[in-house]
Each structure stands twice: as structure tokens, then as C-alpha cells.
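K.L.:
kindly return the folded structure for what I paste below:
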Amino acid sequence: MTGDAEFTSIPMRWVGPLRLSGDVVGEQQVPLATYESPLWPSVGRGARISRLVPDGIRVTIVDERMTRSSLFVAATGADAARAARRILERQAELAEIVAAQSRHARLIDIDTEIVGNLLFLRFALTTGDASGHNMVTLAAESLMARVLEWHPELEYGSISGNYCSDKKATAVNGILGRGRNTIAEMLIPAALVSEQLRSSAARIVELNTRKNLVGSTIAGALRSANAHYANMLLAFYLATGQDAANIVEGSQGITWAEVRGDGDLYFSCTLPNLIVGTVGNGKDLPGVEDALTRIGCREDREPGGNARRLAGLIAATVLCGELSLLAAQTNPGELMDSHLRLERRTEGTR
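P.N.:
Numbers count the residues shown, from 1 in each chain. Sure, this is the predicted structure:
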């Protein structure tokens, strides 16, 4: 950190442990920094249920990439289309440029979009354990220079043309990918749904459809159908030194639930745009370093392994909080009563 930085204290607690399987295995407590104190027991309820289920929360990392879209200007749309075709034919050469300047960045895809005479190239890279904002920008600078060398008929437009898309709620990230696409899912026996959540699988599934799917649709949500992913994301991001503005796209996710078997509940949270990392700016602060160490994200793993673990822990934490809130909302008055009791108890201990 540079300059005379000041720090704001945010209450933080360790919640759990959560029981996990799949791409993240074992039991792990998680750090949540938030002013919304009811979030801790809410996530804690979901974590408790995970420990009562043999496989706990199964985590799957579907994909990982970071993107930067660069903007070029052609004389005509025909010129832009012609250049785009030729650039895609030389993707392997562009990949060599990226690999030569970075130990961890690798160019894996290029997507194009043309609007009139404007050509957008969306570069997708893997970035190891970094979230990759700066890494992809540096790579894009070199790639732009080479493209302009190949195609003097193009002009520089911008290093970032918003087709990336960074810290904005857009459709492109969910369709083409940006960050770590992560799924957390859990199968909860009917008895546990009744005892621990004071609800039923049928009621939770019905509420999820009516609230998260239909309600979000009429509100105009963009590739998003969930109750409050942003709450858990922000708390986890602040505790582990993430760029908090990335909860904008990170909270674009879908909650899906089904009744299985004899009243069991299948519950899942899909987060396609988790932009997180375990190295980079802010990660060396004492509190952040301690948190990353305690959650097992400072281990000697292959590049990207610690960041994938972090993404899996975040997705599982989101599931815990989402499940708990939806279950509470199946019972009239429970949500408000819980907030009043928990917040008053917190105020009394200050």
C-alpha cells in the first residue's frame, strides 16, 4: 500500500465450519466482515445443516477466465469484419505474445463484436491465482499493439471497450464467462428441512420459483435470480481482500431448488461471475493474510488452485445464507423477528 492510508474497522466473525465435497473437500470455517450482524447466524444455520449431510455442500468449478475487451475503429463495417476474421485466424500468434510476457497469463479465447465501424475484441485469459484485472489489461496493451501493426487500417479506440464487462451487470459475462464459474449444491433430507429450517422442500421450491424466478423477471433482473447473494459476497470479499466492486457481476447468479424423493430438498446456487484471487493488491495486509491462510488459500498448489478453493468456499457460503433466508421467508414474520432479536442482542454487547 502507498501513501498515508487510513483504515475503517468492519466487524468480522468466523462462521461454520461448512462441510464441503467435490472440488473443495473437508470442513472449513469462513470469515465474514459485515455491518449486517444477522448474516452471521443465518450463514451459520446453513453451515450447520451442511455438517448434518454426509457430503455436505458439493462444489464444482466449471470454468475460469478473466477478460478485457479492446476497441478498434475501422473506416467501415466491412473493414471491421474483414479485420476480425483475419485476427481470429492468428489467435495462436497472439497467445504466444501473452505467454512470452507473463508466467501465469494465457490467452484462451477471443470473441468479436462489430457495431457499425467499431470492432470490439474480447480477450479471455487464465490468470493463475490472481483475479487478473491488471494482468489482462497489460496483455491487452501488447495485443492491441500487434493488431494495429498487422492492420494499419484500424485505429486505436480504447484499451477497454466495456464488452469485458467489468463491475457492471451485463449478459455477456454469464454467456461467455468472466471470473470463476462456480456451482454449490446440497441434497437435504426432508427431516432436516423440517427440523433445522422449520419448513418443507415443497414450500422452499415454491417460494424460490415465485420470488427468485418470477419476481426477478418482472423486476427486470439480468441473468440473475436470487434472494441476496450480494450479502455473503461482500462480507467474504471484505474479509479476504477482494475488489468489493466486483460483487456487481458476482451477485448475478441463479438459485435452483427441487423436491427430490420423499420430500428431500435439492438446493443449488450457481455463480458464473466470481471474480476473486488470492494474490494481488491488498492481499498482503495482516488481517487479509491471516484470513487467507486460515481458509487454506496459502497452500503450495498448482497455479490457480488457491483461487479455485477460494471461489468454492465463497459459493458454498452463498448457498448457506441463501438457503437460510429463503427458509425463513416461508414462515410469516420469521425474517423480521430474527432481525430484531439478533440486532438488539448485538447492540447490547457493544
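
K.L.:
now do the strands in the stretch 51-200 of the chain.
P.N.:
Remark: strands assigned in the stretch 51-200 of the chain by DSSP state E, counting those that start in this stretch are 57-73, 106-115, 118-126, 155-158, 179-188.

K.L.:
could you check the angle strand 57-73 makes with the helix or strand harbouring residue 20?
P.N.:
Using DSSP states H and E, residue 20 sits within strand 12-22. Counting by axes from the mean of the first three to the mean of the last three Cα atoms, to 10 degrees, strand 12-22 lies at 100 degrees to strand 57-73.

K.L.:
could you point out which residue ranges in the stretch 201-350 of the chain have low pLDDT?
P.N.:
333-350 (pLDDT under 70).

K.L.:
let's see 90
P.N.:
280-287, 332-350 (pLDDT under 90).

K.L.:
ok, which stretches of it are helices?
P.N.:
201-207, 216-219, 229-239, 247-250, 286-294, 305-329, 334-348 (DSSP state H, counting those that start in this stretch).

K.L.:
please produce a markdown table containing the ones you listed, extended by mean neighbour count.
P.N.:
Heads up, the C-betas are built off the backbone N, CA and C, glycines and all. Formatted as a markdown table, those follow (neighbours: other Cβ atoms under 10 Å):
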| stretch | mean neighbour count |
| --- | --- |
| helix 201-207 | 19 |
| helix 216-219 | 11 |
| helix 229-239 | 24 |
| helix 247-250 | 26 |
| helix 286-294 | 15 |
| helix 305-329 | 26 |
| helix 334-348 | 12 |
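
K.L.:
now render those helices as JSON lines, adding distance to residue 106.
P.N.:
Formatted as JSON lines, those follow (distance: least, Cβ to Cβ, whole Å):
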{"stretch": "helix 201-207", "distance to residue 106": "41"}
{"stretch": "helix 216-219", "distance to residue 106": "35"}
{"stretch": "helix 229-239", "distance to residue 106": "25"}
{"stretch": "helix 247-250", "distance to residue 106": "22"}
{"stretch": "helix 286-294", "distance to residue 106": "24"}
{"stretch": "helix 305-329", "distance to residue 106": "14"}
{"stretch": "helix 334-348", "distance to residue 106": "46"}
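
K.L.:
residue 277: which of these is closest?
P.N.:
helix 305-329 (5.2 Å; Cβ to Cβ).

K.L.:
can you read off the pLDDT for the residue nearest to residue 18 when sequence neighbours are not counted?
P.N.:
Residue nearest to residue 18 in three dimensions, not counting chain neighbours: residue 47, with 4.6 Å by Cβ to Cβ, 6 or more residues apart in numbering. Looking at residue 47, its pLDDT reads 98.

K.L.:
if we can go back for a sec, tell me which of the strands of the stretch 51-200 of the chain sits most buried.
P.N.:
Mean neighbours per residue, mean count of other Cβ atoms under 10 Å, is largest over the strands of the stretch 51-200 of the chain for strand 179-188, with a mean of 24.

K.L.:
sheet partners, orientation included, of that one?
P.N.:
strand 57-73 (antiparallel), strand 264-274 (antiparallel) (DSSP bridges).

K.L.:
export the ones you listed to a markdown table and append columns for distance to residue 43.
P.N.:
Shown next, in a markdown table, are the strands paired with strand 179-188 (distance: least, Cβ to Cβ, whole Å):
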| stretch | distance to residue 43 |
| --- | --- |
| strand 57-73 | 12 |
| strand 264-274 | 12 |
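
K.L.:
tell me which of those strands lies nearest to residue 248.
P.N.:
strand 264-274 (9.1 Å).

K.L.:
report the central residue of this protein.
P.N.:
Nearest to the centroid of the C-alpha atoms of the chain, with distances taken as Cα atoms, centre = their mean, sits residue 274, at 1.7 Å.
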